[in-house]
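>>> okay, predicted coordinates and the sequence, questions at the end:
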Amino acid sequence: MNASFYSWILIYKQIMKENQKKVWITGASSGIGKALALKFSDEGWQVAVSARRVELLNELSKKENIFSYPLDVSKLEQTKEIFEKIKKDFKEIDLCVFSSGIYERNLEKEINVESIKKTFEINYLGTVNCIKAVEDYFKNKRSGQLAIVSSPVGYRGLPKSTGYSPSKAALNNFTQGVYFDFKKFNVKISLISPGFIKTQLTDKNEFPMPFLRSAEYAANKIFDGLKKNKFEIIFPPQIAFMYWVFRILPNKVYNFLIAKFVNR
Ligand SMILES: NC(=O)c1ccc[n+]([C@@H]2O[C@H](COP(=O)([O-])OP(=O)(O)OC[C@H]3O[C@@H](n4cnc5c(N)ncnc54)[C@H](OP(=O)(O)O)[C@@H]3O)[C@@H](O)[C@H]2O)c1
């Protein structure tokens, strides 16, 4: 085969690469974020993955189309620098999914101020840092999509959850607010609310988790929901229904039911 044939293949590959859709996923070293990175890669997307555990990201980036960008989302300047790096390498970013989060279950049974601060710094302010880092890029581009992984537990208070649930409540409110701010710039915002998903985060729970699903199930649901540009992506359906009811119940009824049936 002659040299010009190979040049055409190289040009074709370059065009394909430039037309590839591109996503940045945080919290991608394990659980839902990792399953989502693999799903996007399987679907032919170019994927930038971030989290703190470098060795796990390096392992993940052995897969075609996945590239590692280690990051601690609680550090605003670092988050901005990493996004600049990704922009430089990828040229375009179509979608960001912010999935980083922590849950210090054993410290939540009483009010542990240090643990609550840490949880807010990562779950809430860490996500705010990510949105801040990408804000100008997406607003100037006037297209694209940003997704925030929160939790249904953010909708109403629960016993023995003094840091995690309130951090998700703040995130739900923030996400709904920025939905309006970014809509003016044609940038779509999605709020992702997974039910119980089997990951390192829920492995700490010693109570039976209703309707537990795998991280791959969550990744498929998130991928489909984002494709449909949904604002709220809540799953599985049983949890979606349960929280639809919880959200409209008067306090008196909700408080009675939780006090009677939730013993965590
Ligand atoms: N599993 C569930 O049932 C469930 C339900 C509702 C919502 N969620 C939410 O889903 C998201 C993912 O959780 P998961 O269940 O997949 O748990 P996970 O496996 O523990 O994943 C959490 C991810 O967040 C990353 N992370 C933690 N702190 C970070 C920081 N400071 N900077 C950057 N990355 C950080 C972790 O990586 P490093 O430790 O390497 O940094 C990890 O990749 C969380 O926001 C969680 O609240 C989970």
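Arrived safely, thanks for sending.

>>> so residue 144 touches residue 135, yeah?
No: using CB atoms under 8 Å, residue 144 is not in contact with residue 135, being 11.3 Å away. All C-beta atoms are positioned from the backbone trio N, CA, C, and that covers glycine.

>>> between these two, which one's more packed in?
Counted by other CB atoms under 10 Å, residue 144 and residue 135 do not tie: residue 144 has more neighbours, with 20 against 17.

>>> show me what contacts that one?
Shown in contact with residue 144 (CB atoms under 8 Å, 6 or more residues apart in numbering): 93-95, 138, 187-188.

>>> ok, and the closest non-adjacent residue to it?
Among residues not flanking residue 144 along the chain, residue 138 sits closest, at 4.9 Å (CB to CB, 6 or more residues apart in numbering).

>>> where does the prediction get shaky in the stretch 151-264 of the chain?
Filtered on pLDDT under 70, the stretch 151-264 of the chain yields the residue ranges 264.

>>> just the residues of it that are near the ligand, which are they?
Within reach of the ligand by CB under 6 Å from any ligand atom, the stretch 151-264 of the chain has these residues: 151, 194, 196-197, 199-202.

>>> A strand includes residue 24, no?
Yes: Residue 24: assigned to a strand according to DSSP: H, G, I helix; E, B strand; the rest coil.

>>> for residue 46, give the beta-bridge partners.
residue 22 (DSSP bridges).

>>> residue 209 is in contact with residue 196, isn't it?
Yes: contact criterion CB under 8 Å: residue 209 and residue 196 qualify, at 3.9 Å.

>>> mind naming the longest strand for this structure?
In the chain, taking DSSP state E as the definition, the longest strand is strand 188-194.

>>> output the contacting helices and strands for that one.
strand 145-149, helix 164-183, helix 215-227, strand 232-235 (3 or more CB pairs under 8 Å, 6 or more residues apart in numbering; DSSP states H and E).

>>> contact partners of that strand?
Residues from elsewhere that reach strand 188-194, judged by CB under 8 Å, 6+ apart: 32, 97, 99, 144-152, 154, 172, 175-176, 178-179, 182-183, 213, 218, 221-222, 225-226, 229-235, 243.

>>> quick one, it and helix 215-227 angle?
When axes from the mean of the first three to the mean of the last three CA atoms, to 10 degrees is applied, the directions of strand 188-194 and helix 215-227 differ by 160 degrees.

>>> partners of strand 188-194, with directions?
strand 145-149 (parallel), strand 232-235 (parallel).

>>> phi and psi next, for residue 116.
phi -60, psi -40 (degrees, to the nearest 10).

>>> can you pull the contacts of the closest residue in space to it that isn't next to it in sequence?
Leaving aside its chain neighbours, residue 116 sits nearest to residue 163 (4.1 Å; criterion: CB to CB, 6+ apart). Shown in contact with residue 163 (CB under 8 Å, 6+ apart): 104, 107-108, 112, 115-116, 118-120.

>>> swap the cut-off to 10 Å and go again
102-105, 107-108, 111-120, 123 (CB atoms under 10 Å, 6 or more residues apart in numbering).

>>> got it, and residue 160?
Neighbours of residue 160 in contact, by CB under 10 Å, 6+ apart: 105, 108-110, 207, 262-264.

>>> same check, this time on residue 187
Residue 187 sits next to 134-135, 137-139, 141-146, 178-179, 181 when contact means CB under 10 Å, 6+ apart.

>>> before we move on, the earlier item: tell me, what's touching residue 209 and residue 196 both at once?
Here residue 209 and residue 196 have residue 202 as joint contacts, going by CB under 10 Å, 6+ apart.

>>> nearest residue to residue 52 in space, please, no chain neighbours.
Spatial nearest neighbour of residue 52, excluding adjacent residues (CB to CB, 6+ apart): residue 72 at 5.3 Å.
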